[in-house]
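Chemist: Here you go, sequence then predicted model.
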Protein chains: 2
Amino acid sequence: MNDLSKPTIYDIATKAAASPSTVSAVLNGSWKKRRIGAETADRIRQVARELGYSANIQARALRTTKSGIVGMILPQHDNSFFASLSQAFTEASRERGAMPAIISTRRDRDQEVDSLWNLIGYSVDALMIVGAKAHDELHEICRDANVPHVFVDQPCNAAPSVVSDNAAGVEELTLAILDRAGAEIGEEIYFLGGDSHLYASRKRIEGFQAALRQAGLPAIEDRVLACGYSRTASFYSLQDLYGRLGRLPKGLIINSMGCFEGTLEFLSELPEQEIAMCHFGVWDYDPIAALCRISMPMIRQKAEVMIRKAFVHLDARDTAPSLTKIKPELILPRTL
Amino acid sequence: MNDLSKPTIYDIATKAAASPSTVSAVLNGSWKKRRIGAETADRIRQVARELGYSANIQARALRTTKSGIVGMILPQHDNSFFASLSQAFTEASRERGAMPAIISTRRDRDQEVDSLWNLIGYSVDALMIVGAKAHDELHEICRDANVPHVFVDQPCNAAPSVVSDNAAGVEELTLAILDRAGAEIGEEIYFLGGDSHLYASRKRIEGFQAALRQAGLPAIEDRVLACGYSRTASFYSLQDLYGRLGRLPKGLIINSMGCFEGTLEFLSELPEQEIAMCHFGVWDYDPIAALCRISMPMIRQKAEVMIRKAFVHLDARDTAPSLTKIKPELILPRTL
DNA sequence: CTGAAAGCGCTAACAA
DNA sequence: TTGTTAGCGCTTTCAG
């Protein structure tokens, strides 16, 4: 064994006076069938520990055509819903003894397809596809490559899919608002945000309209402001509505945290009592979006700068100790 | 070539009437040195496309001892700072043509070590270790296994590390508070949250005290409430302080969003004018933590349930189309 | 300019 | 109960 490289089963075999196959059997738990002597097994495990052995999974994968990798393709990490999915996925993978490979693809078709091919190159054992744009194409590639796969959030109608019950959720939310607001709300309730080309948005809008119907209100089309998921779009959309009405509506269902940010941004310019006249409901949960009307400075750490710096070290094969400090940014409040 | 399994360079070689080595050279860009005929190259690429070829990266890795995988070990995905790191890491990996493997380990020593061995088994080319508890041990393992690695957030003093400038950041934050509050604040400013066993917390506390010193205030020890990073701990810690003072302090620096949640939770029981008497500052940024004092219901999608369901499909090797809907949870506001 | 052949570390028949 | 051996798909000398 070369000092620089990892020990192999052959190294162990020689040191433990056994054969490679015995070592292999002992070390990968597949030794039920082989009925190996307890002493031999112990001896082998002992040597393995001494040598700091860990199996070369690539080699095993090549042999068995099972990589032990489970993949997940998702739009972004920095979104609390997707982040929860990643977290849960990682834990589930661990329970199964598999290694998670989570790739975010920015809702970009090409990145989705590229990443999929990449994962196939690694012979992923299974794949979870979250919120994908190119769902059909991804499905076909998986099918042809024989990769078990399942869609989450954005379903594919040619494969197993798991989604939130968007319609029922929004319906319940809308009814709760109507209930709290009472008769005063009249017909003046709006739905803000989302993209009607996307499955989830469409379903949520359906739920919104179902609730109106159920409350005996007319499902007027222009009560839906599907301006997209971005913060700025919903800011302007709400601003526009405010302009048309001359004030806030009586009720507002907001589709996603991003849109809620835009909403808050717009509200921040309004007097308290005006805000109190409107009943809000939001799709998506955020612990901070609780009671918070405090003006304060905040610190934002520079994630990308730090990563960039870190990669410089990796690229340079740096091995010497060092400590790079990145100054975080001070974000002052709108002096209000 | 077996219909069920991926095509290999041998399949291409036969179809293109060339040798495996030529195919290999053409397909992996290493054909500068080989001076291959343009027609042969084209022919090979053509066949490869027809067959839907994608290289078996495991095999290549076995041969070259370079897996193309870059690993990242981090505490959790569902935290906005870590999520930003993951996102940035993924993008940086893509630029380098590498495949990111991001493993979250819940700040658990054993999980950290396990995951590291796992990654080593996959012959990771490089590793980024974020916020690790067992930093020294991880470093030693990496060193012995010859894996280039770098620490982020929690430094290791025996390897390259990148961290935020915790002290400078908190110092600036604290001074901003003192500045805004003016003389009235007296000595009544507190630091809430964090774990003084952790590098980052210690540095932030240092920054806090440096600011006090600079402002000519005594750095009284018990102004630091290092109750940990959890929401509930900071809730109780603040509750306790409130009890002792009979009211809120004049200034409060809050160490992390989790602690800010606890703070908000406590504040929600206080009258508006009391809250207005205290000046707040928070380490970590959250867009929602802007101006928000609206009581409203919210929807929380059931991430774990969905993942569990999805894995049932994977486990069962399901391939038939289906659509499982998981009802999200309606979270009603504290009726206030 | 191209092909033959060895071998990366492991598993799984098949022998012994 | 254990050892021998033939590959998994790819890269890479070394010959042609």
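Modeler: Ah, there it is.
Chemist: How is residue A:129 assigned, secondary-structure-wise?
Modeler: strand (DSSP: H, G, I helix; E, B strand; the rest coil).
Chemist: can you tell me how far it sits from residue B:69?
Modeler: In this view, residue A:129 and residue B:69 are 20 Å apart by Cβ to Cβ, to the nearest Å. Glycine gets a C-beta too; all of them are placed from N, C-alpha and C.
Chemist: so which strand or helix has the residue most central in space within chain A?
Modeler: By Cα atoms, centre = their mean, chain A has its centre lying nearest to residue A:82, at 2.3 Å. Element membership of residue A:82 [criterion: DSSP states H and E] is helix A:80-95.
Chemist: what about that helix, near chain B?
Modeler: Yes: residues of helix A:80-95 are located near chain B by Cβ under 8 Å from any Cβ of the partner chain, namely A:80, A:81, A:83, A:84, A:85, A:86, A:87, A:88, A:89, A:90, A:92, A:94.
Chemist: circling back to that earlier point, I'd guessed the residue nearest to the centre of chain A sits against residue A:130; true?
Modeler: Yes: with contact defined as Cβ atoms under 8 Å, residue A:82 counts as touching residue A:130 (6.7 Å).
Chemist: For those two, list the residues in contact with both.
Modeler: Counting by Cβ atoms under 8 Å, 6 or more residues apart in numbering or on different chains, the shared contacts of residue A:82 and residue A:130 are A:74, A:75.
Chemist: Neighbour count: residue A:129 and residue B:69, which is higher?
Modeler: residue A:129 (28 against 24; other Cβ atoms under 10 Å in any protein chain shown).
Chemist: now the strands: where do they sit in the stretch 201-336 of chain A?
Modeler: For the stretch 201-336 of chain A, the strands defined by DSSP state E, counting those that start in this stretch occupy A:224-225, A:251-255, A:279-283, A:291-293, A:298-300, A:322-326, A:329-331.
Chemist: Nearest spatial neighbour of residue A:228, chain-adjacent residues omitted?
Modeler: Distances taken as Cβ to Cβ, 6 or more residues apart in numbering or on different chains place residue A:195 nearest to residue A:228, at 5.5 Å, with adjacent residues excluded.
Chemist: which parts of chain A sit against DNA strand D?
Modeler: Contact residues (Cβ under 7 Å from any atom of the strand) of chain A with DNA strand D: A:17-22, A:34-37, A:39-41, A:59, A:62-63, A:65.
Chemist: Low-confidence stretches in the stretch 101-250 of chain A?
Modeler: A:219 (pLDDT under 70).
Chemist: What residue in it comes nearest to DNA strand D?
Modeler: The nearest approach of the stretch 101-250 of chain A to DNA strand D comes at residue A:121, 8.4 Å away (Cβ to the nearest atom of the strand).
Chemist: before we move on, back to that, what's the residue nearest to the centre of chain A in contact with, if anything?
Modeler: A:74, A:75, A:76, A:104, A:130, A:131 are the contacts of residue A:82 under Cβ under 8 Å, 6+ apart.
Chemist: Could you report the distance from it to DNA strand D?
Modeler: As judged by Cβ to the nearest atom of the strand, to the nearest Å, residue A:82 and DNA strand D stand 32 Å apart.
Chemist: Residue A:52 now?
Modeler: 22 Å.
Chemist: Do I have it right that that residue meets residue B:144?
Modeler: Yes: taking Cβ under 8 Å as the definition, residue A:52 is a contact partner of residue B:144 at 6.5 Å.
Chemist: on that earlier part again, so who does the residue nearest to residue A:228 touch?
Modeler: A:201, A:226, A:228, A:229.
Chemist: which one of the residues you listed is nearest DNA strand C?
Modeler: Nearest member of the contacts of residue A:195 to DNA strand C, counting by Cβ to the nearest atom of the strand, is residue A:229, at 45.5 Å.
Chemist: isn't that closest one right next to residue A:259, touching?
Modeler: Yes: assessed by Cβ under 8 Å, residue A:229 is found in contact with residue A:259 at 6.5 Å.
Chemist: If you count surrounding residues, which of these two has more?
Modeler: The neighbour comparison of residue A:229 against residue A:259 (other Cβ under 10 Å) goes to residue A:259, with 28 against 21.
Chemist: Hmm, the more buried one is touching residue A:226, no?
Modeler: No: with contacts counted by Cβ under 8 Å, residue A:259 stays clear of residue A:226, the gap being 10.3 Å.
Chemist: what residues do these two have in common as contacts?
Modeler: A:193, A:194.
Chemist: Please enumerate residues in contact with stretch A:135-142?
Modeler: Outside of stretch A:135-142, the residues within contact range by Cβ under 8 Å, 6+ apart are A:73, A:109, A:112-113, A:116-117, A:120, A:127, A:129, A:132, A:148-149, A:151, A:154-156, A:158-159.
Chemist: try 6 Å this time
Modeler: A:116, A:129, A:132, A:149, A:154, A:156, A:158, A:159 (Cβ atoms under 6 Å, 6 or more residues apart in numbering or on different chains).
Chemist: Just the buried ones from the residues you listed?
Modeler: Listed as buried from the contacts of stretch A:135-142 are A:116, A:129, A:132, A:149, A:154, A:156, A:159; burial here means 16 or more other Cβ atoms under 10 Å in any protein chain shown.
Chemist: Let me have the residues you listed in JSON lines, extended by secondary structure and distance to residue B:218.
Modeler: Listed next are those as JSON lines, based on DSSP: H, G, I helix; E, B strand; the rest coil; distance: Cβ to Cβ, whole Å:
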{"residue": "A:116", "secondary structure": "helix", "distance to residue B:218": "61"}
{"residue": "A:129", "secondary structure": "strand", "distance to residue B:218": "58"}
{"residue": "A:132", "secondary structure": "coil", "distance to residue B:218": "58"}
{"residue": "A:149", "secondary structure": "strand", "distance to residue B:218": "63"}
{"residue": "A:154", "secondary structure": "coil", "distance to residue B:218": "58"}
{"residue": "A:156", "secondary structure": "coil", "distance to residue B:218": "64"}
{"residue": "A:159", "secondary structure": "coil", "distance to residue B:218": "66"}
